[in-house]
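Colleague: Sequence first, predicted coordinates after that:
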Amino acid sequence: MTEILTPTKPLAVNPLKASQPIGASLAFMGLADCMPLEHGARGCTSFNKLFFMRHFNEPIPLQTTAMDQTTTILGADANVIEALATICAKNEPKIIGLVTTGLSEMQGADVPRTVQEFRRKHPEFAGVAIVPVSASDTLGCLETGFSASVEAMIRTLVPRRPIARKKSRHVNVLASASLTPGDLEELRAWIEAFGLTPIVLPDIGSSLDGHLIDAGYATLTYGGTARAEIEAMGESVATLVIGRSLCGAADLLKEQTGVSDWRFDQLIGIDDCDAFTRALSDISGMAVPPQFERKRSQLTDAMVDCQFQFGGAKIGVSGDADLVGALTCFFHGMGSHVVAAVASAEAPRLEDLPIASVVIGDLEDFETLVREGEIDLIVANSHGAEIARRTGAALLRAGFPVYDAYGAHADAWIGYGGTRRLIFSAANLLSNHYQELRPYVSRYRSEAAE
């Protein structure tokens, strides 16, 4: 069992984690015709929106209740009601994700009661679904905020249905925050190859993948999971859960619908890809299509080609728990030594990794471990670039945010093809980082001085 180490320092010197409201808002951006609304100060939402825009290079729909000093002390219920009414009247969304922040949580805002008051005052907007989510900045990380939003979506939007009503070719997919839009595109194609129709919740792969629309610009999300699809999740034949952070959401969905599920910690690596492919074959009743055999052969060939770069290499991994777990298992399986692993928050996923310990900390802790371990390659978001420069380690960008590399949100590292691309990317970094030992020159040689 992996030892979880928690630093005793009272503050984060070089923060690694993104806050829960960022993760909660990100999940709502995977719904169609949706507007995330953060209940907090204007500056907090502006900061979050900036991170999203730099990471995805896309316009981001995100609003705020704009709490100030007065409303923080006297109460901001009126701000929430006014913001909801304004969004409903001007933007006409199908769903509003009402996300609390550290400020409103510390104030003690009763968001469910405020939503009831809004319904009483504005019955004309009864057709707009409002999904409240509690996401304090002081707890958790992006991953936990994302998971909280998915649970709230299921609790609010998925009706209880009798088990007998099934659509035999539809499957639900709960996709964790560790998956990029590129990953979700790969995942959708993987499932559809078996004749199945996936309902992905949330689907940032169709909303934040980077595509132009005929209208040019929309104030709401364009793309994502439609409300009607979410309401029909109880009629699917199975649920596929990607990422242990969504186990709570999976339990809730199974309780409400009775739909059986298959759970996977990650889809990186040949063993995990084989398990997922077998599950799709069992659910669909189809044999594995021939193209997957070829993709698997390509992956095994890549593993053989690059084994000398990975064997014995010292790796450092940082990020949220699902990402740290997936990449730690990947590098371990490739024969590398994961010398440093730093996660942004505690999670059950960290307890059974194939390494001795995981540190719950920040990038300062990560840099210390990188120096002590003389690490060859580090995995971090864009904030790790300076660590790579100072320590001389190669940097593989992953996680959130990545703002100094184009197309990072389109990278796909899952599946046979995605794992192959990850192998090549990491192997190239390790190869370029390799430094030959300087030849030893005795001080007694006459040419030494020259």
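Modeller: Nice, thanks for sending it over. Here the structure is a predicted model, which is why all the values come from computation and not from measurement.

Colleague: Scan the chain for its longest strand.
Modeller: strand 167-175 (DSSP state E).

Colleague: other SSEs contacting it?
Modeller: Applying 3 or more CB pairs under 8 Å, 6 or more residues apart in numbering; DSSP states H and E, we find strand 167-175 packed against helix 181-192, strand 197-201, strand 236-242, helix 247-257. (Glycine included, C-beta is placed from N, CA and C.)

Colleague: how far is stretch 387-404 from where the chain is centred?
Modeller: The chain centre lies 18 Å from the centre of stretch 387-404; the measure is CA atoms, centre = their mean, to the nearest Å.

Colleague: For the closest residue to Arg54 other than its chain neighbours, which three-state class applies?
Modeller: Among residues not flanking Arg54 along the chain, Tyr403 sits closest, at 3.8 Å (CB to CB, 6 or more residues apart in numbering). Assigned with DSSP: H, G, I helix; E, B strand; the rest coil, Tyr403 falls in the coil class.

Colleague: Tell me the pLDDT of Tyr403.
Modeller: Listed pLDDT for Tyr403 reads 92.

Colleague: ok, so what distance separates it from Glu367?
Modeller: Going from Tyr403 to Glu367 by CB to CB, to the nearest Å gives 19 Å.

Colleague: The residue nearest to Arg54 is in contact with Met53, isn't it?
Modeller: No. Taking CB atoms under 8 Å as the definition, Tyr403 is not a contact partner of Met53, at 9.0 Å.

Colleague: More neighbours: those two, which one.
Modeller: Counting neighbours by other CB atoms under 10 Å for Tyr403 and for Met53 shows that Tyr403 has the greater number, 19 against 15.

Colleague: Number of residues surrounding Gly205?
Modeller: Gly205, neighbours per other CB under 10 Å, totals 25.

Colleague: ignore the last one, Arg445
Modeller: 9.

Colleague: my guess is it is in a strand, correct?
Modeller: No. With three-state DSSP as the criterion, Arg445 is coil rather than part of a strand.

Colleague: Just name the most buried of the helices and strands packed on strand 167-175.
Modeller: strand 236-242 (a mean of 23; mean count of other CB atoms under 10 Å).

Colleague: for it, what is the average pLDDT?
Modeller: Rounded mean pLDDT across strand 236-242 is 95.

Colleague: What is the one helix or strand Ile154 maps to packed up against?
Modeller: Using DSSP states H and E, Ile154 falls within helix 142-157. Contacts defined by 3+ CB pairs under 8 Å, 6+ apart place helix 142-157 against helix 20-28, strand 95-100, strand 129-133, strand 197-201, helix 227-231, helix 247-257.

Colleague: Do me a favour and get the backbone dihedrals for Gly223.
Modeller: phi 100, psi 170 (degrees, to the nearest 10).

Colleague: isn't it right up against Asp203?
Modeller: Yes. Shown here, Gly223 and Asp203 form a contact pair, counting by CB under 8 Å, at 7.4 Å.

Colleague: where's stretch 47-58 relative to the chain centroid, distance-wise?
Modeller: So, by CA atoms, centre = their mean, the centroid of stretch 47-58 is 15 Å from its chain's centroid.

Colleague: Ignore what I typed, I meant stretch 346-357.
Modeller: 18 Å.

Colleague: Could I get the buried residue list for it?
Modeller: 346-347, 349-350, 353, 355 (16 or more other CB atoms under 10 Å).

Colleague: next one: stretch 51-69
Modeller: Those would be 51-52, 55-56, 58, 60-67, for stretch 51-69 by 16+ other CB under 10 Å.

Colleague: that older thread, now the helix holding Ile154: mean pLDDT?
Modeller: Averaging pLDDT residue by residue across helix 142-157 gives 96.

Colleague: quick one: it to helix 247-257, angle?
Modeller: Taking axes from the mean of the first three to the mean of the last three CA atoms, to 10 degrees, helix 142-157 and helix 247-257 form an angle of 10 degrees between their directions.

Colleague: and the angle from helix 142-157 to strand 95-100?
Modeller: Relative orientation of helix 142-157 versus strand 95-100 (the same axes, to 10 degrees): 130 degrees.

Colleague: Helix 142-157: which residues count as buried?
Modeller: Neighbour-count burial for helix 142-157 flags 142-154, 157 (criterion: 16+ other CB under 10 Å).

Colleague: Dump that helix to PDB, restricted to CA.
Modeller: Output of helix 142-157 as PDB, limited to C-alpha atoms (Å, rounded to 0.1, in the frame of the first residue of the first chain):
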ATOM      1  CA  LEU A 142     -10.200  20.700  -9.700                       C
ATOM      2  CA  GLU A 143     -10.800  17.000  -9.800                       C
ATOM      3  CA  THR A 144     -13.100  16.900  -6.800                       C
ATOM      4  CA  GLY A 145     -15.000  20.000  -8.000                       C
ATOM      5  CA  PHE A 146     -15.500  18.300 -11.300                       C
ATOM      6  CA  SER A 147     -16.800  15.100  -9.600                       C
ATOM      7  CA  ALA A 148     -19.100  17.200  -7.400                       C
ATOM      8  CA  SER A 149     -20.700  18.700 -10.500                       C
ATOM      9  CA  VAL A 150     -21.200  15.400 -12.100                       C
ATOM     10  CA  GLU A 151     -23.000  14.100  -9.000                       C
ATOM     11  CA  ALA A 152     -25.200  17.200  -8.900                       C
ATOM     12  CA  MET A 153     -26.100  16.700 -12.600                       C
ATOM     13  CA  ILE A 154     -27.200  13.100 -12.000                       C
ATOM     14  CA  ARG A 155     -29.100  14.100  -8.800                       C
ATOM     15  CA  THR A 156     -30.900  16.900 -10.500                       C
ATOM     16  CA  LEU A 157     -31.400  15.900 -14.100                       C
END
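
Colleague: Now do it: distance to the chain's middle.
Modeller: Using CA atoms, centre = their mean, the offset of helix 142-157 from its chain centre is 13 Å.

Colleague: Please apply the same query to stretch 42-55.
Modeller: Taking mean C-alpha positions (CA atoms, centre = their mean), stretch 42-55 and its chain are 17 Å apart.

Colleague: Identify all contacting residues around that stretch.
Modeller: 18-19, 21-22, 25-26, 29, 38, 58-60, 62-64, 66-67, 101-103, 137, 400-403, 408-409 (CB atoms under 8 Å, 6 or more residues apart in numbering).
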